[in-house]
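# Using only what follows, build the 3D model:
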Amino acid sequence: MILDVRNSLQASEECLLQRERRNGIELVRDNVERNLSKEVLRMRSSLETLRKMLDKVNVQIKCVIAYLPTRSFRALPDNSKSHKQIWIKFIIYDPVA
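Next comes the predicted model:
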């Protein structure tokens, strides 16, 4: 999701940059440009919110992983992995970095 927002943000910023490079009568400040600017601001805000949420999730995952060695786990039925194995496989991934 963060990558989707970031890709959309980059495309929108590029559109704004291309509009700013126009010369003479081609340079206009119309509703399209104003709305595109608003959308860029919204996407930046959304991206920051998603980053903060990702940081919180990573902290929670680290806490769970730290907690796991103190617990005993039994295997799940049907040849499933134990809870501990499932949590240990968790990868803390930050696509923004």
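# buried ones in the host helix or strand of residue 58?
Assignment of secondary structure by DSSP states H and E places residue 58 within helix 31-67. The neighbour-count criterion (16 or more other C-beta atoms under 10 Å) identifies 36, 40, 43, 47, 50, 54 as the buried residues of helix 31-67. All C-beta atoms are positioned from the backbone trio N, CA, C, and that covers glycine.
# quick check, nearest of those residues to residue 12?
Using C-beta to C-beta, residue 40 is the member of those that lies nearest residue 12, at 5.0 Å.
# dump the residue contacts of the closest one.
Residue 40 is in contact with 9, 12-13, 16, counting by C-beta atoms under 8 Å, 6 or more residues apart in numbering.
# Could you do residue 28 as well?
When contacts are counted by C-beta under 8 Å, 6+ apart, residue 28 is found next to residue 22.
# ok, back up a step: filter the contacts of residue 40 down to the buried ones, ChimeraX style.
Selection command for ChimeraX covering only the buried members of the contacts of residue 40, criterion 16+ other C-beta under 10 Å:
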select :9,12
